[in-house]
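Novice: The sequence isn't on hand, but the structure is:
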């Protein structure tokens, strides 16, 4: 009974006619998905599917269809009697109304902006062999500088946008995902000197690049003012596929990456001289290769029989006593590192109706680093939907869950002595101290641990350089983060002009970090770690963010339009950390606190940090902006924000900062100048301000407390209180940042060439500086408002199409150029210099009148003419006063991205070049100093050498050669090859460890092929493509001898501040692999 | 619309209820009003040896009690060297002591105040002696003055004397509940005194000794005043007065044995014993002790204290230049040989004679070991470095001569000749000899010789007492590890090893021989007496480079020290560089152009620039 009725009903519908068709691109004839197709004057409409096809019920007669798509010309066609209508849409050259996301998620026409905004689409982000959004963005955006903290999988990244807004505070940009703040923090397990920073992960690692729709970078303060103080170092706006409001056709896509990771390069070793010193090779074990020539000695005694620790020596006596081993070069560095396999599986499902869209992304990444034991595993799940609940009310929400699991052996910094500083071993640094004639990879000849007790065993008789194989097997740093993220916004359109939006964000992650060292690494350099230590800490960070925004838009008359907003923002941050530290492992290898003899609440072996901590902070802000446009070619934007924050005392806890910007589209204002040559020209000028606040708890002095200050010989425990050396400053104010930017955008030669040029000056006054003060004040550190910092820079982004041929061949280029000159103008209070990062006698300093982050350290003493002074021992003397060693800021960074496409084949190459920027290079320094390097840098050991410089001469005849009346003569004091090679790089002669950071690299290269649709027509597969790609394929550093194969792109002092230090944390990784992608 | 209204109401409630902004108190920390007097006292007491240990390094390196690197005096000690010392002294000890005194004066914790003042005085003397003019009157003002001016060293000495007098009142005042200032509250917390376990008379004696030390320095420029003051100190024989004279009055910080949380062992033990390496001993000191007065130690040549000061890891000399670089280097021209019969003076014109040891040669001109030391001071495995030898470090960490039980808590040298390890000897339960009774006796002997003080004790008696005290305390320390003090429980000690290898009777016989020779030398001529006193004081000052540096600048003695291995080392530091943290950060402090500026009390003109 029922069924026939239904049939009749549907037949009744079917009597209304259905029109079908396909929308294609005039550019290449391909189907355009997502095009809106609407019956004019009605809400009846649809969107095209992945092939550009549509099907729509239309009234039986008459009517028109309107086809529209952002960036393309809107077309209107009368239906007439047709049942099929194919149409092609071209680029909307006249309008060029590129829509970009701006502050607080408001989409605006790009031409209306009075400031620079740069965007990167998903094509430049997804399907990469590296699954870290920061690494992918390297070089892709003018004005954004990204350095990695090390070469391991999962290592953190330092991101700088337009230089530095502050000296000792946070300089990292704000991450905003789907409209709400997303923590990009890098939580190290311990400080820089105890090795916690090189392997700490940056929390934007939790993002799945394959789930990202687009990234927009707001660089200047005129653009970021609505984000308040958090936006002062730039804002990276990430729109995920889940958070995108785009209407979508039902589609499933599947993407699989398989690749290989390997160490990008290793030094070339010399093969003539073995372990030793002064051409001597005997039973003393050196870490240098200044020993005998391999031709001179046939064999040497096995070093294990001389180990001074009998518990290490004796188990091997039967094997190695009186044993001699060949004296020849046997070490192949490559054998130690592995080729890691990395895979990524990514599935994306999307669909929807005209009222609602849903998107889900699932990703799994398994990424093995080159260092044994280094692996990154990541699970990402995200679901988003957008729905119109009524004509006026809509909701948009995205939910993400991620689990990021990084494991690595310790890769912290080290300098000269083989043992890392801070008393924490480091796999890469220790590995590089393997002499050429002891093959660390030959575990039969050189077992890396003792039988039974598993104590570390290596060639040094005092066990002060750990065997890297032992470290790879018996030490681990683990970092597992579970993260939940939600952004939900409700939008209510009160009427055509007025809308209200409420947006709430919750970003919460729990990060569990374990550091474990099994017992027996060797007490010589690591007296505590040798006991076996385990540190576990769990930190939870929660950000609640609320925004209520009232928007009012009105076209006042034909010429004037107004868009305005008024918003209220509340942000609460809550951070807690708990942890336990244990030492004294009982059963070897069992990394459980219950297997250790003592536990503590402080991280004793790693700098003594108190593990339990909580931090709470609150920010409230009121912000608004008004945009006026006149005839669509003159635009004015006024904005401002007032903040109230919990970081400061009541009298100083609020700041107001405004911004103003304007843009003029000259090609629209004076249409006469518009031509096929000059398609578009816009001038813009913007002035923006922002504020900076200190970290919590800097306004009040506290009492330092240690309940175990001392334990006397009788076991008595003495607690201690001490007035904290950090002076709380109740008068601390927010720092003010102001920035003026000027720029132009133009399109030339029928859009074949586009230029986006920006020049800016940014000034920070009232700098909040964690300033060292003379301890005679009773305190050694305080937070002060002092000084001024200035950044001047140029950013150029050029896009072009040098070739576009009729047969479909196309060559597109993107050229980005970034140059920043950060300079400390004054520090105030007469303070001469402030250490920013590193050590007080070797680190980055702020010095008035000098570039930010100057590298300062112990210098070679020089005569009045600047020649190094050589002492009576033939070695360069050191100056007792530390001084400037170099400016680590690069002169400029540039990248050149080429994309070639032809009939489904694409070829793309990104080349990055950095010029200048000095680096304190411990890697080249240690290699050169140890005499291990290959042919073209080999020091001939048979010659005598003379240190460059002058020696002191006694001119006044008083028998002393350094009085006021004495002088200098060219140095002629002869040194042995060892003294010369070893001492020139070691011994604190930091001048000789400075290298120029200029380098060129092939950042990305890929070749891909998309199967033509025609081939897939009869399958359920809508699209299929395969590509081969590579990351960090090749690099060359000009500043160090070629045999070093040095990678200057490391940032060993961590992400928060500091620049230009390479502490043997390991070179970068090279990756290559294949990606296949299917769309159903 | 209803939904919207409800939502807005809800949001408003959430925002309003969480909007406090009152989050400036650090929930992770003890607040200033929760501070406990006893715990600040503990902090002040424990930080004192931190400063002292730093001062010992530099002072010891300058006076050849320890080896230091650097080749030039200018470089041997840099401004950065003292950053930690300055920070601990000012922002640590002095700041905490100030706060404790305020708290103690307010609450009537007079004993706390007294101890804090004595330590305050000690630190101020040390800062003045090392750096010359230093900030005090404008210091500790926090944000009120980031650039405190420096005060004249003489003014600081005046202040120190007043502080010590006030401290003595605090330490002796009787319990009362009525006096508003300086009173002793009967319910004051019992101090956890790590030095004297709350025996406040010993603290008074320390205060008097510090006054003696200060007046002795001032005696260089104002002998009359110094004589009067020291005479007054000696004349006061009341029960609550006097100097440090008993073993349990030795002012020494005792370390513990635990290795972690915190590492409570002597820092120099920690730097050496667990893995080898650490400080190089001074070849000059080893050589000096090996051949002094023909002394014997348990049948072998040398000062009987050598086995307590040094612990050889090998007992035969190395012949490998991979282990000792200087074996392949030629003896510098300014390190002349002495022949059996004639000591060659330093060949460099205008320099004091290095070759003439005031103590040895006439006693034994035929001793063939009697050459000026270079590279290896003896033939029995002692192995340190020559003065300011800047060589890189070969793999000798488990070969070079290590510290013994005195004062760092290492191992007694019973000719074992084995590599060091953390479990040996006193396991790091060493001490810092901040002010010992032996030091007092040598100071009094010097005061007798240079100031002509009035005392029932003669100079040679003081000298003899000093030697006796030193020998007794060095051995007793290693045997007992307590200095007879009950401040803390017993430490691991080397008593068994020592009593077996070097019985007390043998030791006493060796000491008697030594003392007789030393006293004979002291008495040999009035002119030589000060040099012999200084020489004995210097050897007794091992572990206390601070007083040695004062002694050397005050008297220019002992003479004939080993020159720097670099023939042109530049001027000897008369005071040290201002630390980088004050010179760079304090507008009122200007770094010294060189190291020639003298501390205010120094009048001695002996040329020390070699």
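Specialist: Received, thanks. Here the structure is a predicted model, which is why all the values come from computation and not from measurement. Numbers count the residues shown, from 1 in each chain, chains lettered A, B, ... in the order given.

Novice: So which residue is smack in the middle of chain A?
Specialist: residue A:157 (2.5 Å; CA atoms, centre = their mean).

Novice: which secondary structure element contains the closest residue to chain A within the stretch 401-550 of chain B?
Specialist: Nearest residue of the stretch 401-550 of chain B to chain A, counting by CB to the nearest CB: residue B:489, 2.2 Å away. C-betas here are computed from N, CA, C, even on glycine. Here residue B:489 sits in a region with no helix or strand, counting by DSSP states H and E.

Novice: Surely it touches residue A:715?
Specialist: Yes - counting by CB atoms under 8 Å, residue B:489 sits close enough to residue A:715 to count as a contact (6.8 Å).

Novice: mind listing the helices for the stretch 351-500 of chain B?
Specialist: B:437-451, B:459-480, B:495-501 (DSSP state H, counting those that start in this stretch).

Novice: Likewise for chain A?
Specialist: With DSSP state H applied, chain A shows helices at A:2-14, A:133-137, A:221-224, A:310-313, A:317-320, A:427-431, A:468-474, A:666-669, A:922-929, A:977-985, A:1013-1016, listed in chain order.

Novice: how many neighbours does the residue in the stretch 201-350 of chain B positioned nearest to chain A have?
Specialist: For the stretch 201-350 of chain B, the nearest residue to chain A under the criterion CB to the nearest CB is residue B:275, separated by 2.7 Å. By other CB atoms under 10 Å in any protein chain shown, 27 other residues sit near residue B:275.

Novice: That one: what's its closest spatial neighbour, skipping adjacent residues?
Specialist: Leaving out its chain neighbours, the residue that sits closest to residue B:275 by CB to CB, 6 or more residues apart in numbering or on different chains is residue A:524, at 2.7 Å.

Novice: Contacts only, for the residue in chain A that chain B sits nearest to.
Specialist: For chain A, the nearest residue to chain B under the criterion CB to the nearest CB is residue A:714, separated by 2.2 Å. Remark: with contacts taken as CB atoms under 8 Å, 6 or more residues apart in numbering or on different chains, residue A:714 is in contact with B:256, B:488, B:489, B:490, B:491.

Novice: Just the buried ones from those residues, in ChimeraX syntax?
Specialist: Buried members of those can be picked out in ChimeraX with the line below, counting by 16 or more other CB atoms under 10 Å in any protein chain shown:
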select /B:256,488,491
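
Novice: With pLDDT as added columns, please give the contacts of residue A:714 in JSON lines.
Specialist: Written out in JSON lines, the entries for those read as follows (pLDDT from 0 to 100):
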{"residue": "B:256", "pLDDT": "93"}
{"residue": "B:488", "pLDDT": "72"}
{"residue": "B:489", "pLDDT": "72"}
{"residue": "B:490", "pLDDT": "75"}
{"residue": "B:491", "pLDDT": "81"}
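
Novice: Most widely separated two among the contacts of residue A:714?
Specialist: Every pair in the contacts of residue A:714 was compared (CB to CB); the two farthest apart turn out to be B:256 and B:490, at 11.5 Å.

Novice: Show me where chain B dips below the pLDDT cut-off.
Specialist: Using pLDDT under 70 as the threshold, the predicted model of chain B has low-confidence ranges B:1-19, B:177-182, B:336-372, B:487.

Novice: How far does the longest helix along it sit from its chain's centre?
Specialist: As assigned by DSSP H, the longest helix anywhere in chain B is helix B:37-62. With CA atoms, centre = their mean, to the nearest Å as the basis, helix B:37-62 stands 9 Å off its chain's centre.

Novice: Toward the C-terminus from it, list the very next helix or strand.
Specialist: Next along the chain after helix B:37-62, taking DSSP H and E as the criterion, comes helix B:73-76.

Novice: Close to chain A: what parts of the stretch 201-350 of chain B are there?
Specialist: By the rule CB under 8 Å from any CB of the partner chain, the part of the stretch 201-350 of chain B lying against chain A is B:254-264, B:270, B:274-277, B:320-323, B:325, B:328, B:348-350.
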